[in-house]
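Asks: Fold the stuff below for me.
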Amino acid sequence: MATFLTGYDVSLKAGASVKTSTSEFLCVGAAATSTSLDRTCYVTNDSITAGTINASAFIGINQSGAMSSGSESCNIRMHGISKGICSASITEWGWVEAYRGASTTTRRGQLQECVNGVSISVATASIASHRVIVGRALEAGSTNSVISIMVSPSLYDGNLIEA
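Replies: I've put the predicted structure just below:
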């Protein structure tokens, strides 16, 4: 499906995990610690530089191709139509979030579908329990495929879903 990519982008400082030639169309988040609040973004769920908690801190999708270790900034799609990479099968019109699984090197920054939970527990104040919906898939995809999505972030309670 051909999709015209359009939306609202913001230029942010590129963290180490974004400064690679393979970070285009990956989800990025804010730093995991409050000591690095300098508008630097990192690939979500990257255990090396940003901490796995960054999957909860999704802010957008990297639109900058040809990133390298010398790159200083990147363009992040915060709202609108973008491409994204699937960590597993995603259905057309499915709600998606940043991948939060155990594969912090292979699947980091990719998308996974939000699945309605089978049980509801009491919400907690822990950031790990609260996630961000990235948006909706505009087409179906499978592992490692690139799909078009409508980036429209919103907070939701992780206790209400099962990933």
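Asks: Just give me the residue closest to the centre of this protein.
Replies: Centroid check for the chain by Cα atoms, centre = their mean gives C27 as the closest residue, at 2.8 Å.
Asks: Tell me how far the nearest residue to it once chain neighbours are set aside lies from S69.
Replies: Closest residue in space to C27, ignoring its immediate chain neighbours: A98 at 4.0 Å, by Cβ to Cβ, 6 or more residues apart in numbering. Bear in mind the C-beta positions are built from the backbone N, C-alpha and C, glycine included. Taking Cβ to Cβ, to the nearest Å as the criterion, A98 is separated from S69 by 23 Å.
Asks: Please identify which of these two sits among more neighbours.
Replies: It is A98, of A98 and S69, that has more neighbours when counted by other Cβ atoms under 10 Å, with 31 against 9.
Asks: Identify the residues contacting the more buried one.
Replies: C27, G29, T44, N45, A55, F58, G109, Q110, L111, Q112, V132, V134 (Cβ atoms under 8 Å, 6 or more residues apart in numbering).
Asks: Tell me what the first one is bridged to.
Replies: The one in question is C27. Counting by DSSP bridges, C27 forms beta bridges with I61.
Asks: Report the separation between it and G70.
Replies: Distance from C27 to G70, counting by Cβ to Cβ: 23 Å.
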